[in-house]
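Undergrad: quick one: sequence plus predicted model below, questions after.
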Amino acid sequence: MNLVSIRIITSNTESLAAFYEQITGLSAIRYTPDFAELKTQNTTLAIGSTKTLQFFGGESIAQPAENRTAIIEFLVDDVDKEFERLKSFLSSTVVQEPTVMPWGNKSLLFRDPDGNLVNFFTPVTKESIEKFKTGPE
């Protein structure tokens, strides 16, 4: 089995796609005004509007801007450099400036326009660096 995609449901697809383009430097593929994808080396971040929920049984199955459990994580080469690059863009949404976590990653935590938590991290301990040599687990 292979996890290939995470989808965020939003009421403003364009705004969220533009945000993720800004923070990742990637271009979103906009298939329709209601669905976009950002493809990374290992997975895809899909962004779907509430209108796409009709294909899954109705708008009641997912609520935009209600996530309080998941964190969208990006492995980056240098979290401090990314923080400096994005500091003014993220100024009001930073939850935690770059901090070394007990499991060996230096982590920058912030929120996207819908309030979803986003983590940029860089492995910094020997064990963490070794873990990510072959890619995220």
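TA: It's in.
Undergrad: walk me through the domains of this protein.
TA: 1-62, 67-137 (automatic domain parsing).
Undergrad: tell me the mean pLDDT for the longest one?
TA: Same thing as domain 67-137. Per-residue pLDDT over domain 67-137 has a mean of 93.
Undergrad: try the shortest one
TA: The average pLDDT for domain 1-62 rounds to 92.
Undergrad: related to what we said a few turns ago, let me have the domains of the chain in TSV, extended by mean neighbour count.
TA: Glycine gets a C-beta too; all of them are placed from N, C-alpha and C. Output for the domains of the chain, formatted as TSV (neighbours: other C-beta atoms under 10 Å):
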stretch	mean neighbour count
domain 1-62	15
domain 67-137	15
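Undergrad: tell me where the protein has helices.
TA: Here the chain has its helices, by DSSP state H, at 13-24, 79-90, 126-132.
Undergrad: in CSV: these, plus distance to Glu66.
TA: Conversion of the helices of the chain to CSV gives the following (distance: least, C-beta to C-beta, whole Å):
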stretch, distance to Glu66
helix 13-24, 14
helix 79-90, 21
helix 126-132, 31
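Undergrad: can you tell which of those is closest to Thr50?
TA: helix 13-24 (9.1 Å; C-beta to C-beta).
Undergrad: beta partners of the most centrally placed residue in the chain?
TA: Geometric centre of the chain, nearest residue: Ile72, 3.9 Å, by C-alpha atoms, centre = their mean. In this entry, Ile72 is beta-bridged to Val118, by DSSP bridges.
Undergrad: ok, it to Thr43 distance?
TA: Remark: distance between Ile72 and Thr43 (C-beta to C-beta, to the nearest Å) = 10 Å.
Undergrad: are there residues contacting both of the two? Which ones?
TA: Here Ile72 and Thr43 share the contacting residues Ile6, scored by C-beta atoms under 8 Å, 6 or more residues apart in numbering.
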